[in-house]
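Student: When you get a sec, could you give me coordinates for this:
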Amino acid sequence: MRAVIADDNSRKTLHDIAKEYILPKSTVFTDDLASYHGLEKYAYERKRINHSQSVYVMGDTHTQSIEGFRSLMKNGIGGVYHSVSRKYLQNYVNEYAFRYNRGDRGNLISHNVLALAAPVAGKRGLTDAQTTLGTQDSS
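Tutor: The predicted model follows:
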């Protein structure tokens, strides 16, 4: 999952974002917003759900994943941060995308940070005990 703040929902804006972040020949699931029309010309397979006709799932085509992410992010930001400025909004979106992408591991971000830091600590000659305790011998 990658989420990007768009300046607007115009066709040009959404198509430019798609071209930057989505690989050609990918399947793109959208609702019936007119701005998504024409994505097929960029070699995307577009599957559309017609929400305006009260259709929300058709076979394996749905937008539930992105709607679930949006709800998680909106409630999380409102519940934890209460409000955010436009200046830092992309940072908050990145945080919730990180959480969403690691949902199967829980929200224990510290474990992910330690896993990333362990190889660096090993190169500096730190033992597991020193890494855990955050100390280093001065010898």
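Student: C-alpha only now, for contacts and for neighbours.
Tutor: OK.
Student: quick one: contacts for Asn94?
Tutor: 2-3 (CA atoms under 8 Å, 6 or more residues apart in numbering).
Student: Next, give phi and psi for it.
Tutor: phi -60, psi -40 (degrees, to the nearest 10).
Student: Same check on Tyr100?
Tutor: According to degrees, to the nearest 10, Tyr100 has phi -60, psi -40.
Student: what about the nearest residue in space to it that is not next to it in sequence, which SS state?
Tutor: Counting by CA to CA, 6 or more residues apart in numbering, Phe69 is the residue found nearest to Tyr100 once chain neighbours are left out, at 7.1 Å. Of the three states, Phe69 takes helix under DSSP: H, G, I helix; E, B strand; the rest coil.
Student: Could you check how many residues crowd around Phe69?
Tutor: Residues lying near Phe69 (other CA atoms under 10 Å) number 18.
Student: what separates it from Lys87, distance-wise?
Tutor: Distance, Phe69 to Lys87, using CA to CA, to the nearest Å: 21 Å.
Student: Kindly report the same for Ile17.
Tutor: 19 Å.
Student: repeat for Thr63
Tutor: 28 Å.
Student: ok, these two, which is more surrounded?
Tutor: Thr63 (18 against 7).
Student: Contact partners for the more buried one?
Tutor: 29-31, 49, 56-57.
Student: Same check on Ser26?
Tutor: Here Ser26 is in contact with 43-45 (criterion: CA under 8 Å, 6+ apart).
Student: Helix or strand: which one has Val28?
Tutor: strand 27-30 (DSSP states H and E).
Student: Name the residues of that strand that are buried.
Tutor: 28-30 (16 or more other CA atoms under 10 Å).
Student: out of these, who's nearest Ile22?
Tutor: Val28 (8.5 Å; CA to CA).
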